[in-house]
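Undergrad: Sequence first, then the predicted structure, then my questions.
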Amino acid sequence: MGIGLLAEQDKIAPFEVFTSERLNTPVYDPGERSEETQTFIIAQQSFRQLMGWTKGLRNAAGDELIIQSGYIERMTPNAVADRYQGVHYIGMHQALLVSCMEFALFALTQSCVFPNVGNAAGEASPELKNGKAPGILLLDKTLRGETVQIDQDHWRIPKDENRHVLAVYLAMLMARYIWLHELAHCTNGHVAYVQNAGLALRLYEVAEELSVVGFKPKADTDKQRDKIIRQLEYDADSSAFFGLCQIQLNDLENIDGIKALDIVTRLGMSIFAAYAVTWLFEEYQAFLDLKNDPSHPTPYDRLQHLARGAANEIAPKVDGFAEFHQSICDQFNAMAIPGLYQVGKAAPMDSEREFELHAIKSAMDKWRFY
Ligand SMILES: [Zn+2]
């Protein structure tokens, strides 16, 4: 290793320096591996290895892409992509993975979800209680300082041991989808673009400034900004979704337990995970009273965008995919969650949006890493 490279490495602030200096929040370190922390640890290790392909990528200006990733100790469900002192940082709030875990466990209590795994028919398929969606209940209790009571809350956990394990894998895939989405904000040049154009300091998944959202009338420039950022979100969703599928289709899975599953289950879980995360963001917005955040597409639009991508881009490459995808959508749609969106019945993309998406993609080329 040359001295030049060492000097270069010295400039890279560790993730915890980024979170404290830039975000004023502590890093979340899952610590030793235990039943409680393994999802955090394995999801992160897996992602860091999978993103190895980004090493050495450069943009048109010759800047090298350097990325640091980690968890942030915050009890709001969010994820962030930022660039600070020339280094890209992607972070997931601790609460986001906690709520993915809760959602995944609930999903596997439903007999309709992955019916070929374990004793699906023996699951109770409970309906939601207390009006709190899976993924929100735990968060709500934590924010109110309550603890989860196992005897009261066991109905949200699958009875079958194999399905319980599958839920843990599903949560890891949900985390992977979030990491890949944030990674796309970096590799596709979104973060550098919004910073250089003065549109945003960084990209969050859920608006952080609670006080301004939905109150003041939007100026035209803000509307234009929101429109651009919405397209970036669609673009990051697409990249993350295809990445998630490609990992299975190209046999790149690096979590042993998931790798041991058959391809139909692995691919189905990956698609299900992307849809579940997208749905969860709808629940977060409702929970945080952010229904009208105009800088992000509605979760419903994002879900249909993903399903359209599956039909248009993946189906032609994989035999029998359309029917398989429909079966995953049917499983998702049949969960006992009031108000759950119906996926897989998407109308074709309207030409105006398609045009906008392409316009943004070409503007991004200057910032993209390749
Ligand atoms: Zn995003």
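TA: That came through, no problem.

Undergrad: From here on, just use CA atoms for contacts and neighbour counts.
TA: OK.

Undergrad: so does the helix or strand that contains Arg308 get close to the ion?
TA: Assigned by DSSP states H and E, Arg308 falls within helix 299-309. No. Contact of helix 299-309 with the ion is not found when judged by Cα under 5 Å from the ion; the minimum separation is 10.9 Å.

Undergrad: which is the next helix or strand following that helix?
TA: helix 321-333.

Undergrad: what comes up buried for that following helix?
TA: Ala322, Phe324, His325, Gln326, Ser327, Ile328, Cys329, Asp330, Gln331, Phe332, Asn333 (16 or more other Cα atoms under 10 Å).

Undergrad: Export those residues as JSON lines, with columns for distance to Pro297 and pLDDT.
TA: Compiled in JSON lines, those are given as follows (distance: Cα to Cα, whole Å; pLDDT from 0 to 100):
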{"residue": "Ala322", "distance to Pro297": "25", "pLDDT": "91"}
{"residue": "Phe324", "distance to Pro297": "27", "pLDDT": "94"}
{"residue": "His325", "distance to Pro297": "23", "pLDDT": "93"}
{"residue": "Gln326", "distance to Pro297": "24", "pLDDT": "93"}
{"residue": "Ser327", "distance to Pro297": "26", "pLDDT": "94"}
{"residue": "Ile328", "distance to Pro297": "23", "pLDDT": "95"}
{"residue": "Cys329", "distance to Pro297": "21", "pLDDT": "93"}
{"residue": "Asp330", "distance to Pro297": "23", "pLDDT": "94"}
{"residue": "Gln331", "distance to Pro297": "24", "pLDDT": "95"}
{"residue": "Phe332", "distance to Pro297": "21", "pLDDT": "94"}
{"residue": "Asn333", "distance to Pro297": "21", "pLDDT": "91"}
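
Undergrad: can you count the residues close to the single nearest residue of the stretch 251-370 of the chain relative to the ion?
TA: Here the residue of the stretch 251-370 of the chain nearest the ion is His296; by Cα to the ion that distance is 8.1 Å. Other residues within reach of His296, judged by other Cα atoms under 10 Å, total 22.

Undergrad: Backbone dihedrals for it, please?
TA: Dihedral pair for His296: phi -120, psi 140, per degrees, to the nearest 10.

Undergrad: can you check Pro338 too?
TA: phi -60, psi 140.

Undergrad: Might you report the residue contacts of it?
TA: By Cα atoms under 8 Å, 6 or more residues apart in numbering, the contact list for Pro338 reads Leu128.

Undergrad: still on that earlier bit, quick one: buried residues of the helix holding Arg308?
TA: Pro299, Tyr300, Arg302, Leu303, Gln304, His305, Leu306, Ala307, Arg308, Gly309.

Undergrad: returning to that earlier point: would you mind trimming the buried residues of helix 321-333 to those in range of the ion?
TA: Answer for the buried residues of helix 321-333 near the ion: none qualify (Cα under 5 Å from the ion).

Undergrad: any chance of those residues in CSV, plus distance to Pro115?
TA: As requested, the buried residues of helix 321-333 are exported to CSV (distance: Cα to Cα, whole Å):
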residue, distance to Pro115
Ala322, 19
Phe324, 14
His325, 15
Gln326, 15
Ser327, 11
Ile328, 11
Cys329, 13
Asp330, 12
Gln331, 9
Phe332, 12
Asn333, 14
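
Undergrad: on that earlier part again, my guess is the residue of the stretch 251-370 of the chain closest to the ion meets Ile229, correct?
TA: Yes. His296 is within contact range of Ile229, at 6.8 Å (criterion: Cα atoms under 8 Å).

Undergrad: quick one: common contacting residues for these two?
TA: By Cα under 8 Å, 6+ apart, no residue touches both His296 and Ile229.

Undergrad: where along this structure do the helices fall?
TA: 3-10, 15-18, 38-50, 94-108, 137-143, 150-153, 161-187, 190-196, 220-249, 256-259, 263-287, 299-309, 321-333, 351-364 (DSSP state H).

Undergrad: okay if I get those as TSV plus distance to Ile67?
TA: Shown next, in TSV, are those (distance: least, Cα to Cα, whole Å):
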stretch	distance to Ile67
helix 3-10	12
helix 15-18	10
helix 38-50	10
helix 94-108	19
helix 137-143	29
helix 150-153	39
helix 161-187	8
helix 190-196	12
helix 220-249	16
helix 256-259	25
helix 263-287	23
helix 299-309	26
helix 321-333	33
helix 351-364	19
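
Undergrad: Averaging pLDDT over each of these, report the lowest-scoring one.
TA: Ranked by mean pLDDT, those bottom out at helix 3-10, with a mean of 47.

Undergrad: Up against the ion, what does this protein have?
TA: Glu205, Glu233.

Undergrad: Residue nearest the middle of the chain, spatially speaking?
TA: By Cα atoms, centre = their mean, the chain has its centre lying nearest to Ile178, at 2.2 Å.

Undergrad: OK, contacts around it?
TA: Applying Cα under 8 Å, 6+ apart, the residues contacting Ile178 are Ala79, Met92, Ala240, Val277.
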